[in-house]
Structures are given as C-alpha cells and as structure tokens.
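Undergrad: my questions are about this predicted structure, shown below with the sequence.
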Amino acid sequence: MPQGRSLDFTLQFGHFDDVAAHRRVLTPANVRKWVGMALDHAGEIAVRIVGEEEGRGLNKQFRRKDYATNVLTFDYARQPMVMADIVLCGPVVQREALAQGKSLKDHYAHLLVHGTLHAQGYEHETGEREALEMEALEILLLGALGVPNPY
C-alpha cells in the first residue's frame with residue numbers, strides 16, 4: 001500500500017468444513033496486500049470468512065436473497081476513512097474457483113479487491129457503464145498483484 005494510507009483490518013473465520021484450507025490462503029499478509037491494493041485512502045475493514053448457513057442468513061437479511069453468495073460488502077463510511085465489513089462465504093468461493101478453473105488464492109484476491117471497491121462506492125449493478133468501469137479497475141489492480149484477468 002502506498003505511503004500515507006493506513007489500513008487497520010481484522011480477519012475472522014467462522015466454522016465450516018475445510019476452513020483450514022481457507023486459512024492457509026487468507027493469511028493476514030495476503031489480505032492486507034489485496035485489500036490495500038484496492039483502497040484509495042485510509043481504511044478500517046473487517047474481513048470475515050463464513051460458512052454457507054451464516055452467508056445465506058446474511059444475504060437473506062440484508063439483500064432479501066435466500067442463498068449464500070460469494071461476497072457481501074457492508075460499507076459504513078467512505079470519508080474521511082473507509083469503514084466496512086467484507087464477508088466472504090468460503091464454500092461458495094471454493095466451488096466457484098473450482099468451476100472457473102482458478103486457484104482459491106486468485107479467486108479470494110479478486111473478491112477482496114471487488115469488495116473493497118464496493119466499500120468505496122463502486123457499483124456494477126446500477127448500469128453497464130459502472131460495471132465496465134469497475135471491471136476494468138479490478139483487472140488493472142489484479143494485474144498489479146500478478147492475478148490473471150478474472151473475467
């Protein structure tokens with residue numbers, strides 16, 4: 001992360017099958033690098049990796065969608081610092097990575113960059129122009145991290 005920007009983050013893991021594999025990929029150093037790459041100013045971000053039951057419950061409660069999704073971003077403030085929670089559903093992320101022929105590490109990097117951009121106000125569901133802008137930025141940031149284009 002460039003000088004002048006600070007990132008305070010917490011990393012939490014819920015209980016689900018094969019959580020150890022996710023812990024090996026989601027080291028504090030990796031999470032700091034991935035979130036920090038997408039953060040354009042100081043931030044306090046909590047990252048939580050959950051199982052399907054917790055992920056489904058959160059998605060149902062906050063988005064009214066009755067399924068576990070890969071990533072949810074709860075942004076609380078954008079100025080003077082980004083304050084957000086990013087919740088990733090480990091089993092969903094693992095299934096997607098396998099189905100898309102990606103490594104678990106690269107898929108987590110993508111989703112953490114994606115979630116961090118959401119925390120700063122980027123959107124992809126409001127229109128095609130916004131979606132293309134967000135995707136282009138993700139590709140650029142992930143490329144700088146050595147992660148192949150996820151699209």
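TA: Received, thanks. Numbering: from 1, shown residues only.
Undergrad: helices or strands next to the helix-or-strand element of the chain with minimal mean pLDDT in the packing?
TA: Least confident helix or strand of the chain, by mean pLDDT, DSSP states H and E, is helix 128-144 with a mean of 94. Where contact means 3 or more C-beta pairs under 8 Å, 6 or more residues apart in numbering; DSSP states H and E, helix 128-144 is packed against helix 28-38, helix 104-119. Every residue, glycine included, has its C-beta placed from N, CA and C.
Undergrad: okay, which residue is most central for the chain?
TA: In the chain, the centroid-proximal residue (C-alpha atoms, centre = their mean) is L112; its distance is 2.4 Å.
Undergrad: is it true that V147 touches H110?
TA: Yes. With contact defined as C-beta atoms under 8 Å, V147 reaches H110; the gap is 6.5 Å.
Undergrad: so for the two, which residue has more residues nearby?
TA: Neighbour totals were compared for V147 and H110, and H110 leads with 28 against 22 (other C-beta atoms under 10 Å).
Undergrad: contacting residues for the more buried one?
TA: Residues counted as contacts of H110 (C-beta atoms under 8 Å, 6 or more residues apart in numbering) are K102, E138, L142, V147, P150.
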